[in-house]
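Chemist: Structural data only, the sequence is not supplied:
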């Protein structure tokens, strides 16, 4: 039986999983790092003091169920009733840490998945079922590494886990937003509306949904395998489009061609070849017309127009109508929720409450730049813009010079004729 939350010694696995790894846009982060580095800034959590951050809560929930485990059996923490509490412990520690740093978190939860995602979800479910079979075999053999891997692959997040976390966050005084569909799309909408500074998620399609700023690795800054610090990456949407020299519509087509959760992929096409094809032909439909039909996904998983519309006009919260309020923690309610309902150690909970009281006493922290007018990002020089057809310079990671073929309508940003 799993150990109770009262006494469990924790071992944390890296917040990476085969299932998490396939989410979002395939190969997008390495592509941006190599070809649009001006869109990336390395930072750290403490540099975000005074910021309001929209957090993809559904991804965080999955991560905690994967990562917060105990012992060789790799079981989740549980309360005295045998109910999983790993997610509660994870969200509690993360939220209190942000509050201590003066960061204002807004947690956004997934709604119903879009219909286009049904094929991806079915594939994930099949993999979970296979992982459950592998986990049973690993437990039988006692292979600790196989137990760890299969445990991660077989994770399931329940409605009760979602309800637990939302109740915890309300008791902590944090606003909770329920997205009508994908959480990262509503995070992006809040960011575009100026309600939050950035979207914090590991799902790169937050950029495809148009989030002006995305924070990657915000909560995964240390790997338990290497014990080395990993930087937080702050990605900016406008410089990204500018250095790639594309419109948002072309960037969305590029992301779909790379591979996303809503369509199949074209065999043999990766980020570089996808970008070149778009620059040559202007749209996914035009690209597909030039390829052997055997390379294309089946028609039922190749609904490009619908995927494009989902990214450009997603179903999101009414950002203008969202009122974000942070209240004082409900200390009696928090103590009852953690200690009485979920068997947390009373002394540890008392320390958490003490930390919360110090946060309340310290008051709000204001960023220095809030007293100055922001000038925004600097324009990207023409020589720094990515040209996929240019020959690589021997001592430069960014291709310079050269000209790419003019894209057809809907491709890269239209140039004015002189």
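Modeler: Structure's in. What do you need? The model shown is predicted, which means the values in this text are computed figures rather than measured ones.
Chemist: So residue 27 sits against residue 271, correct?
Modeler: Yes. Contact criterion C-beta atoms under 8 Å: residue 27 and residue 271 qualify, at 4.4 Å. All C-beta atoms are positioned from the backbone trio N, CA, C, and that covers glycine.
Chemist: and residue 106, that one's in a strand?
Modeler: Yes. Residue 106 forms part of a strand when assessed by DSSP: H, G, I helix; E, B strand; the rest coil.
Chemist: Just the pLDDT for it.
Modeler: Residue 106 is assigned 98 on the pLDDT scale.
Chemist: With the one 4 residues further on instead?
Modeler: Looking at residue 110, its pLDDT stands at 92.
Chemist: Just give me the neighbour total for it.
Modeler: Applying other C-beta atoms under 10 Å, we find 21 residues neighbouring residue 110.
Chemist: Same question for residue 335.
Modeler: Counted with other C-beta under 10 Å, residues neighbouring residue 335 total 17.
Chemist: ok, it - contacts?
Modeler: With contacts defined as C-beta atoms under 8 Å, 6 or more residues apart in numbering, residue 335 is in contact with 349, 353.
Chemist: if I look at it, how far off is residue 342?
Modeler: To residue 342, residue 335 is 11 Å away according to C-beta to C-beta, to the nearest Å.
Chemist: didn't residue 26 look like it was pressed against residue 257?
Modeler: No. Checked against C-beta under 8 Å, the pair residue 26 and residue 257 is beyond contact range at 9.8 Å.
Chemist: With neighbour numbers in mind, choose between these two.
Modeler: More neighbours surround residue 257 than the other of residue 26 and residue 257, with 25 against 21 (other C-beta under 10 Å).
Chemist: ok, that one touching residue 284?
Modeler: Yes. Between residue 257 and residue 284 a contact is recorded at 6.0 Å, counting by C-beta under 8 Å.
Chemist: Please enumerate the shared neighbours of the two.
Modeler: By C-beta under 8 Å, 6+ apart, the residues touching both residue 257 and residue 284 are residue 278.
Chemist: shaky segments in the stretch 101-250 of the chain?
Modeler: 116-156, 221-228 (pLDDT under 70).
Chemist: And the helices in it, which stretches?
Modeler: Along the stretch 101-250 of the chain, the stretches classed as helices by DSSP state H, counting those that start in this stretch are 118-141, 144-153, 159-172, 183-192, 205-208, 237-244, 248-258.
Chemist: now the helices for the stretch 251-400 of the chain?
Modeler: Using DSSP H, counting those that start in this stretch, the helices found in the stretch 251-400 of the chain span residues 271-281, 284-290, 304-312, 331-335, 346-362.
Chemist: Kindly report the domain assignment for this structure.
Modeler: What automatic domain parsing lists as the domains of the chain is 1-243, 246-314.
Chemist: For residue 386, which of these is the nearest?
Modeler: domain 1-243 (4.4 Å; C-beta to C-beta).
Chemist: Next, count neighbours for residue 295.
Modeler: Counted by other C-beta under 10 Å, the residues lying close to residue 295 total 12.
Chemist: And the pLDDT at it?
Modeler: Looking at residue 295, its pLDDT is 85.
Chemist: quick one, phi psi at the closest residue to it other than its chain neighbours?
Modeler: In this structure, residue 295 finds its nearest non-sequential neighbour in residue 267, 4.5 Å apart by C-beta to C-beta, 6 or more residues apart in numbering. Dihedral pair for residue 267: phi -60, psi 130, per degrees, to the nearest 10.
Chemist: any idea how far residue 267 is from residue 308?
Modeler: 21 Å.
Chemist: Which one of these two is surrounded by more residues?
Modeler: Using other C-beta under 10 Å as the criterion, residue 267 and residue 308 rank with residue 308 on top: 21 against 11.
Chemist: so what's that one up against?
Modeler: By C-beta under 8 Å, 6+ apart, residue 308 lies in contact with 249, 252, 253, 256, 284.
Chemist: ok, and which of the helices of the stretch 251-400 of the chain has the densest surroundings?
Modeler: The highest mean neighbour count among the helices of the stretch 251-400 of the chain, using mean count of other C-beta atoms under 10 Å, belongs to helix 271-281: a mean of 21.
Chemist: helices and strands around it, which ones?
Modeler: helix 28-35, helix 248-258, helix 284-290 (3 or more C-beta pairs under 8 Å, 6 or more residues apart in numbering; DSSP states H and E).
Chemist: Worst mean pLDDT among those?
Modeler: helix 284-290 (a mean of 92).
Chemist: picking that back up, quick check: neighbours shared by residue 27 and residue 271?
Modeler: residue 258.
Chemist: ok, residue 39 - how many residues close by?
Modeler: 24.
Chemist: tell me the contacts of it?
Modeler: 32, 235, 236, 237, 239, 240, 243.
Chemist: Find the nearest non-adjacent residue to the last one, please.
Modeler: When the adjacent residues along the chain are set aside, residue 243 lies closest to residue 36, with 4.2 Å between them (C-beta to C-beta, 6+ apart).
Chemist: how far away is that neighbour from residue 25?
Modeler: Residue 36 is 13 Å from residue 25, by C-beta to C-beta.
Chemist: cool, and residue 191?
Modeler: Going from residue 191 to residue 25 by C-beta to C-beta gives 17 Å.
Chemist: Residue 339: neighbouring residues, count only.
Modeler: 18.
Chemist: Same question for residue 64.
Modeler: Neighbours around residue 64, by other C-beta under 10 Å: 30.
Chemist: so it makes contact with residue 85?
Modeler: No. Taking C-beta under 8 Å as the definition, residue 64 is not a contact partner of residue 85, at 9.9 Å.
Chemist: List the contacts of the residue nearest to residue 243.
Modeler: 239, 240, 243, 244, 386.
Chemist: what would the contacts of residue 308 look like in a markdown table with distance to residue 322?
Modeler: Formatted as a markdown table, the contacts of residue 308 follow (distance: C-beta to C-beta, whole Å):
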| residue | distance to residue 322 |
| --- | --- |
| 249 | 26 |
| 252 | 24 |
| 253 | 30 |
| 256 | 28 |
| 284 | 33 |
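Chemist: Nearest to residue 108, out of those: which one, please.
Modeler: For those, the nearest to residue 108 is residue 252 (20.9 Å; C-beta to C-beta).
Chemist: So for that closest one, what's the nearest residue that isn't a sequence neighbour?
Modeler: Using C-beta to C-beta, 6+ apart, the nearest residue to residue 252 is residue 311, at 4.7 Å.
Chemist: contacting residues for that neighbour?
Modeler: Counting by C-beta under 8 Å, 6+ apart, residue 311 makes contact with 205, 208, 209, 210, 252, 255, 256.
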